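Peer 1: quick one, fold the following:
(one chain, ligands or ions: 2)
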Amino acid sequence: MIIDTHCHLASPKYEDLEEVRRNSIALGVGHCISQGTAPSDWELTLEQARQMPDFITPCLATHPSECMACSDEQLLQMETLCRQNRDSLAAIGETGLDYYWDAPDGCDTETYYARQKMMLERHFALARELGLNISLHTRERKGCACFEDAFAIARNFPGVRPVFHCFIGSREQASRVFEQLDGMISFTGLITFRKTEAVQDVAAWAPLDRMMVETDSPFLSPEPMRGQLNIPGRTRYVAEKLASLRGITVDEVAEATTANARRFFRLPSLA
Ligand SMILES: [Zn+2]
Ligand SMILES: [Zn+2]
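Peer 2: Ligands and ions are numbered 1, 2, ... in the order given. You can find the predicted model right below:
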C-alpha cells in the first residue's frame, strides 16, 4: 500500500469524496494525510477524517498564504482544536513560509513575511507541546531565503521533526534537513514533469529512509495527467517515477515510503 502524505481533501474542488477514495484505493493508495490550511477548512478536515478513519488522517495549521486571513483569535482557536484532537492528528500542517506569491493587497512584504514567521514559530511550539511533527511548506521564486528562514526556525525546535513537502531543493539542502533537523523530504508529481532534473537527481540520490511520497492534490497532477484535478491515488505515479529514478521496483518504494510515513505520522494502527 502507498500512503499519500500530503493532500487537501477539504478542497471545494472535490464533489464526491467517496469516489475519490474508491479511485485512490484502486490505484493502490489506501491512506492519506489531509492538510487543513485555514479557518474555513479546519473543522471540515477533522470531520472528513472522522467519516473515513481508514482512509484519512488529518493535520491542522495555517498555511503561510493564509496568514493575513487568519486572525490572532482564529490562530488561538486552531491551537485549541489541535489540543482537543491531538490523538487523531498526524502532525501540525500545512504550515511554513511562502515567498513565491506577493503579499495580499494592502499589506507590505515585510509585514507579510513577519506574520508568516510568527505563525510558523507558534506552530512549531504547538507541535513540541503536543509531541507531533510538522508538515512544512517552503516556496520561493529564486534564491534560498525562504528555505533558510524556515530552516532557522526549525533549528530552534529540536525534537520536532519537519517534512519539507513538495521538496525541490538541492542535495546540500536535503543533507542539512537530514543531518541537522532529523527531517524528511517528500516528492510530488513534480518529479514526473519535464525539466525537473535537479529534483530528480535528489530523488535518485537521497537515502530511502528519509523520503515520502505525496500528491498535494487537488494540485500538481503528475504526468501523464498533468493539469487535471489530482487525487491521492496518483501518488502511484510519483512512486513509479521514484522507482525508475532509483532502479528499484515500485513495491520497494511503496514499502519504504509507507513505513516512513507510519513512523513520521504515528500511524501504527493501519493494516
Ligand atoms: Zn505546500
Ligand atoms: Zn499542500
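
Peer 1: count of neighbours near Ser141?
Peer 2: For the record, residue 141 is Arg, not Ser. 8 (other C-beta atoms under 10 Å). To be clear about C-beta, it is placed using only N, CA and C from the backbone, and glycine gets the same treatment.

Peer 1: and the closest residue to ligand 2 within the stretch 101-250 of the chain, helix, strand or coil?
Peer 2: Closest approach of the stretch 101-250 of the chain to ligand 2 (C-beta to the ion) occurs at Asp216, with a separation of 4.6 Å. Under DSSP: H, G, I helix; E, B strand; the rest coil, Asp216 falls in the coil class.

Peer 1: count the neighbours of the nearest residue to it once chain neighbours are set aside for me.
Peer 2: Take Asp216 and drop its neighbours on the chain: the residue closest to it by C-beta to C-beta, 6 or more residues apart in numbering is Thr188, 4.9 Å away. For Thr188, the neighbour count with other C-beta under 10 Å is 29.

Peer 1: tell me the phi and psi of Thr188?
Peer 2: Dihedral pair for Thr188: phi -110, psi -170, per degrees, to the nearest 10.

Peer 1: then Arg161?
Peer 2: Torsion angles, degrees, to the nearest 10, at Arg161: phi -90, psi 130.

Peer 1: nearest residue to it in space, please, no chain neighbours.
Peer 2: Closest to Arg161 by C-beta to C-beta, 6+ apart is Asn133, at 4.5 Å.

Peer 1: one more: Trp205?
Peer 2: Nearest non-adjacent residue to Trp205 (C-beta to C-beta, 6+ apart): Arg171, at 6.1 Å.

Peer 1: isn't the one you found right up against Ala203?
Peer 2: No. Arg171 is not in contact with Ala203 according to C-beta atoms under 8 Å; the separation is 10.6 Å.

Peer 1: more neighbours: the two, which one.
Peer 2: Between Arg171 and Ala203, counted using other C-beta under 10 Å, the more crowded position is Ala203 (22 against 12).

Peer 1: and that one, helix, strand or coil?
Peer 2: Assignment for Ala203 (three-state DSSP): helix.

Peer 1: ok, now which ones touch it?
Peer 2: Phe187, Ile191, Met211, Lys241, Leu242, Leu245, Arg246 (C-beta atoms under 8 Å, 6 or more residues apart in numbering).

Peer 1: state the pair within those that is farthest apart.
Peer 2: Met211 and Lys241 (12.4 Å; C-beta to C-beta).

Peer 1: okay, and which of the contacts of Ala203 map to helices?
Peer 2: Lys241, Leu242, Leu245, Arg246 (DSSP state H).

Peer 1: could you dump those to TSV with distance to Leu75?
Peer 2: Output for those, formatted as TSV (distance: C-beta to C-beta, whole Å):
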residue	distance to Leu75
Lys241	37
Leu242	36
Leu245	39
Arg246	40
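
Peer 1: mind giving me the ChimeraX select for those residues, buried ones only?
Peer 2: Buried members of the ones in helices among the contacts of Ala203, defined by 16 or more other C-beta atoms under 10 Å, are picked up in ChimeraX with:
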select :241,242,245,246
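
Peer 1: doesn't Pro162 make contact with the residue nearest to Arg161?
Peer 2: Yes. With contacts counted by C-beta under 8 Å, Asn133 reaches Pro162, the gap being 6.9 Å.

Peer 1: neighbour count: the two, which is higher?
Peer 2: Set Asn133 next to Pro162 and count neighbours by other C-beta under 10 Å: Pro162 wins out with 29 against 23.

Peer 1: quickly list what the more buried one is bridged to.
Peer 2: Ile134 (DSSP bridges).

Peer 1: list the buried residues in stretch 23-38.
Peer 2: So for stretch 23-38, counting by 16+ other C-beta under 10 Å, buried means 24-25, 27, 29-38.

Peer 1: from those residues, which is closest to ligand 2?
Peer 2: Closest to ligand 2, out of all of these and judged by C-beta to the ion, is Gln35, at 5.3 Å.

Peer 1: does the residue nearest to the closest one when sequence neighbours are not counted sit in a helix, a strand or a coil?
Peer 2: Taking C-beta to C-beta, 6+ apart, and ignoring the residues beside it in sequence, Gln35 has Glu94 as its nearest neighbour in space, at 4.0 Å. At Glu94 the chain is in strand, as set by three-state DSSP.
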